[in-house]
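**Q** Sequence and predicted model, in that order:
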Amino acid sequence: MARIFFDHISTTPLDPRVFAAMKPYFTEFYGNPSSHIHDQGQAALKAVDAARAAVASLIGAQPQEIVFTSGATEANNLAVKGAVEAGGKKGKHIVASEVEHFSVLNAMLPLRNRGYEVTLLRVDRDGKVDPQDVRKAIRPDTALVSVMHANSEIGTIEPVAEIGRIAKERGVLFHTDATASAGHIPLDVREIGADLVTLSAHNFYGPKGVGALFVREGVSVASQIDGGFQERGFRAGTENVPGIVGMGAAAGIASDEREAWAAHLRRLGKKLFDGIGETIDHLHFTGHPTDRLPGHVSFWVEYAEGESLLLFLNVHGVMAASGSACSSNLRGHDEEDLVASPVLRAIGVPSDICTGSITFSMGKGNTAKEVDEVLGILPGIVKRLWEMSPTYLDYQKQKVQGG
Ligand code: PMP
């Protein structure tokens with residue numbers, strides 16, 4: 001049976017070259033970068049500095065503007081909470097899109113409880129934020145605008161350069177979560193006018209558990225972890241040296257190879273998109289048709305439950321993701337609540353007929369043959385689910401009665 005991994009948006013496999021770069025920092029060079037008085041500490045510090053330069057170079061930043069974290073979740077928390085807390089009196093209002101990742105949306109919850117106000121921006125049917133809505137939402141007390149670079153679930157790339165320009169005009173900090181996009185599409189922090197940018201290594205063939213926040217020179221961010229003075233006081237705690245080395249290696253490889261990956265993934269994405277569109281009825285693609293992540297194809301099928309589609313796909317060896325309609329992991333909701341994915345709700349997918357979307361996200365190692373295999377498997381699974389769906393059977397009955 002095929003084992004086809006089409007879930008690169010949740011994580012990517014570690015590039016063997018990255019693993020090779022990391023290995024010596026588990027065994028041979030085990031020093032603590034803060035103990036740079038001796039050779040072991042020096043070696044670790046040098047490696048962390050080299051990684052910092054490589055990550056900076058991937059996004060057009062200066063090395064001293066990179067703060068290593070435990071991943072994108074921590075970087076988003078540091079960006080959102082840290083920026084408004086450092087903003088003093090000005091920082092009582094935040095503007096964010098309603099399709100942000102939970103690590104942005106939920107980072108704002110404790111702030112709300114402390115009297116901060118949040119304006120959530122609507123998106124259009126393709127999941128795009130209108131930059132003019134950002135302009136309208138900014139108030140004199142706005143401290144931060146946070147709009148993601150690309151959406152994991154529906155693949156849409158947001159107009160971050162325009163949003164960055166507006167935020168700058170109004171003297172407001174601009175944060176973008178580039179977890180899904182960094183290493184895959186062009187991202188230059190100066191071009192998009194960002195003050196804070198979130199990255200995660202495991203989304204571009206690096207290791208899990210390490211990420212970074214770009215903090216533009218001169219921007220104040222209040223540390224969210226109290227302790228020592230690592231990462232120039234932005235983030236206390238002994239650095240994850242092998243992880244950071246891995247992130248640096250992955251960033252270097254992505255800088256060199258990103259364009260070739262994207263060209264390959266665009267070809268695969270088009271093949272999958274065309275094939276699915278031709279073979280499956282009652283299918284609705286989600287996200288922007290062109291401004292989207294390469295190799296990312298997302299859709300929902302009427303009368304076919306997303307989770308069931310995923311389970312059947314997995315039985316056939318195909319691994320994908322679902323923007324589930326039955327997500328109960330939204331904080332503030334009861335465990336039993338059936339809550340539509342906020343992203344699907346935001347783009348106006350009708351909750352009565354949409355029972356979850358599917359996200360196929362391909363990676364540099366996927367092939368056209370794998371796309372063909374998925375195209376061969378998917379229609380049969382959808383047909384089987386329809387045959388088990390009372391609402392589909394009702395629909396068929398009505399169709400027959402209606403002639
Ligand atoms: N932001 C986005 C857009 C994500 O998709 C994710 C999940 N990969 C995160 C943040 C959180 O990332 P991490 O798992 O590195 O904490």
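**A** Everything's here; your move.
**Q** ok, the longest helix seen in the chain near the ligand or not?
**A** Secondary structure of the chain per DSSP state H: the longest helix is helix 241-279. No. Under the criterion of Cβ under 6 Å from any ligand atom, helix 241-279 makes no contact with the ligand; the nearest approach is 10.9 Å. For the C-beta atoms, the positions are set from N, CA and C on the backbone; glycine is no exception.
**Q** Toward the C-terminus from that helix, list the very next helix or strand.
**A** strand 283-285 (DSSP states H and E).
**Q** which residues touch the helix or strand that that following strand is followed by?
**A** Using DSSP H and E, the helix or strand that directly follows strand 283-285 along the chain is strand 296-301. Residues outside strand 296-301 that contact it (Cβ atoms under 8 Å, 6 or more residues apart in numbering) are 9, 153-155, 269, 272-273, 276, 280, 282-287, 306, 309, 323, 344, 349, 354-362, 382.
**Q** and those, which are buried?
**A** 9, 153-155, 269, 272-273, 276, 280, 283, 285-287, 306, 309, 323, 344, 349, 354-362, 382 (16 or more other Cβ atoms under 10 Å).
**Q** Could I get the full set of helices for the stretch 51-200 of the chain?
**A** Assigned by DSSP state H, counting those that start in this stretch, the helices in the stretch 51-200 of the chain fall at 72-86, 102-105, 109-113, 131-137, 160-169.
**Q** give me the low-pLDDT residue ranges for the stretch 51-200 of the chain?
**A** 88-89 (pLDDT under 70).
**Q** repeat that with 90
**A** By pLDDT under 90, the weakly predicted segments of the stretch 51-200 of the chain are 87-91.
**Q** in it, which spans are strands?
**A** 66-69, 93-97, 117-121, 142-146, 173-177, 196-200 (DSSP state E, counting those that start in this stretch).
**Q** Out of the ones you listed, which gets nearest to the ligand?
**A** strand 196-200 (3.5 Å; Cβ to the nearest ligand atom).
**Q** Kindly spell out which helices and strands sit in contact with that closest one.
**A** helix 72-86, strand 173-177, strand 211-215 (3 or more Cβ pairs under 8 Å, 6 or more residues apart in numbering; DSSP states H and E).
**Q** Looking at the ones you listed, spot the one closest to Q40.
**A** strand 211-215 (23.9 Å; Cβ to Cβ).
**Q** What about V219, how many residues nearby?
**A** 16 (other Cβ atoms under 10 Å).
**Q** What sits closest to it if chain neighbours are left out?
**A** D195 (4.9 Å; Cβ to Cβ, 6 or more residues apart in numbering).
**Q** wait, what's in contact with F285?
**A** 273, 277, 297-299.
**Q** Would you convert the helices and strands packed on strand 196-200 into CSV that also reports distance to V129 and mean neighbour count?
**A** CSV is the format used below for those (distance: least, Cβ to Cβ, whole Å; neighbours: other Cβ atoms under 10 Å):
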stretch, distance to V129, mean neighbour count
helix 72-86, 17, 25
strand 173-177, 11, 29
strand 211-215, 20, 28
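**Q** Can you get me a residue count around A263?
**A** By other Cβ under 10 Å, neighbour count at A263 equals 10.
**Q** one step back: out of the contacts of F285, which comes closest to T391?
**A** For the contacts of F285, the nearest to T391 is F299 (18.2 Å; Cβ to Cβ).
**Q** If that closest one is in a bridge, with which residues?
**A** Taking DSSP bridges, one obtains F285, I358 as the residues bridged to F299.
**Q** Now do H149 against I280, distance only.
**A** In this view, H149 and I280 are 30 Å apart by Cβ to Cβ, to the nearest Å.
**Q** Same check on G306?
**A** Applying Cβ to Cβ to G306 and I280 gives a distance of 14 Å.
**Q** Once you drop chain neighbours, what's closest to I225?
**A** Nearest one to I225, counting by Cβ to Cβ, 6+ apart, is A236 at 4.8 Å.
**Q** In contact with the most centrally placed residue in the chain, which residues?
**A** With distances taken as Cα atoms, centre = their mean, the chain has A180 as the residue nearest its mean C-alpha position (3.4 Å). Shown in contact with A180 (Cβ under 8 Å, 6+ apart): 9, 148-152, 203, 293.
**Q** if we go to 10 Å?
**A** Contact analysis of A180 by Cβ atoms under 10 Å, 6 or more residues apart in numbering lists 8-9, 72, 101, 148-153, 155-157, 200, 203-204, 293, 296, 361.
**Q** Let me see the domain layout of this protein.
**A** Here the domain parsing of the chain from automatic domain parsing is 4-8+258-401, 16-254.
**Q** Give me whichever of those domains is most buried.
**A** Comparing the domains of the chain by mean neighbour count (mean count of other Cβ atoms under 10 Å), domain 16-254 comes out on top with a mean of 21.
**Q** Off-centre distance for it?
**A** 12 Å (Cα atoms, centre = their mean, to the nearest Å).
**Q** Between its first and last residues, how far does it reach?
**A** This stretch, domain 16-254, spans 13 Å end to end (Cα to Cα, to the nearest Å).
**Q** same deal with stretch 348-355?
**A** 13 Å.
**Q** and if you look at stretch 357-373?
**A** 20 Å.
**Q** Next: stretch 141-159.
**A** End-to-end distance (Cα to Cα), stretch 141-159: 23 Å.
**Q** gap between P110 and I225?
**A** Noted for P110: a distance of 15 Å to I225, by Cβ to Cβ.
**Q** Having no further points to raise, I will conclude here.
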